[in-house]
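Novice: Sequence first, then the predicted structure, then my questions.
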Amino acid sequence: MTERRIDLNADLGEGSEHEAAIMPFVTSANIACGGHAGDVESMRESLQLAARHGVAAGAHPGFPDREGFGRRELHFPPAEVTAFVREQIEALKAVAAQQGVRLAHVKPHGMLYNMAVKDPALSAAIARAAADSGVPLYYGLARQHSVMLHEARLAGLKPVGEGFADRGYAPDGSLWPRGQVGALLEQEAAVAQGIALATRGQTVAVSGEVVSVPAQTLCLHGDGAEAATLARALRVALEGAGVRVLAPI
């Protein structure tokens, strides 16, 4: 029987007061590195916290858009995307080196991620920056014919398919748009979806269709008071279902 395992990641380093309560329950931390959020001090604190709990640390680059928290649709030439993503990864990498931490992965943030899901050129530009920085793993949306994972593979990275425990899905395997009913799941539904993704590789879309989500890592968002409670509940439920919760190899 094949061992069931999953990584549990959270988007951190974004100024949430709940980060210290979330970190013990995740296995990977995506740390904001100066684009949508984060500075040298916050990066150092997140890296130290991750190291203390044995959590794999990764870069979470986003659009250089602090005012919009990286959630606004912006458009840059691919070369500029590669440049600002590389700059953010290298900023975190420098702080990590001071802490004796090696970065394990890159995961784009917010709208940069959402646009890359459907844009091969944008996906390639982000993956190129990750490859240039020597970070081995790349987190991208787990779906059939994933553009993000394909471009990561072409860039020489190891792609890691990502599912979302606390987000609703569209029938095509993309995330249901924020701001629409069903986009964000309450804790009970998020835990149930996390278990379904980890054990069956599928969930049910907001519109009712069964969706294939071949996830190797599950994301939960770390920017709310409920995040720590969800992190603990999801970790306990996964282990109770016989799933080993481990960072990717």
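Specialist: Cool, the structure landed.

Novice: only C-alpha atoms for contact and neighbour calcs from this point on.
Specialist: Will do.

Novice: what helix or strand is the residue nearest to Ile126 when sequence neighbours are not counted on?
Specialist: Distance criterion C-alpha to C-alpha, 6 or more residues apart in numbering; nearest residue to Ile126, sequence neighbours excluded, is Thr82 at 5.6 Å. Under the assignment given by DSSP states H and E, the secondary-structure element containing Thr82 is helix 78-98.

Novice: Quick one: the helices in this protein, in order.
Specialist: Counting by DSSP state H, the chain has these helices, from start to end: 19-22, 40-52, 78-98, 110-116, 120-132, 147-154, 187-200, 226-240.

Novice: Residues contacting the helix or strand of the chain with the lowest mean pLDDT, please?
Specialist: Of the helices and strands making up the chain, the lowest-confidence element is strand 217-221, at a mean of 91, by mean pLDDT, DSSP states H and E. Residues external to strand 217-221 that are found in contact with it (C-alpha atoms under 8 Å, 6 or more residues apart in numbering): 6-11, 160-166, 194, 198, 227, 231, 248.

Novice: list the buried ones in stretch 93-107?
Specialist: Lys93, Ala94, Val95, Ala96, Val101, Arg102, Leu103, Ala104, His105, Val106, Lys107 (16 or more other C-alpha atoms under 10 Å).

Novice: close enough to count as contact, Leu141 and Gly163?
Specialist: Yes. Assessed by C-alpha atoms under 8 Å, Leu141 is found in contact with Gly163 at 6.6 Å.

Novice: Those two: which has the busier surroundings?
Specialist: Per other C-alpha atoms under 10 Å, whichever of Leu141 and Gly163 has more neighbours is Gly163, with 33 against 27.

Novice: Just to check, that one is in contact with Leu197?
Specialist: Yes. Under the criterion of C-alpha under 8 Å, Gly163 lies in contact with Leu197, with a separation of 7.0 Å.
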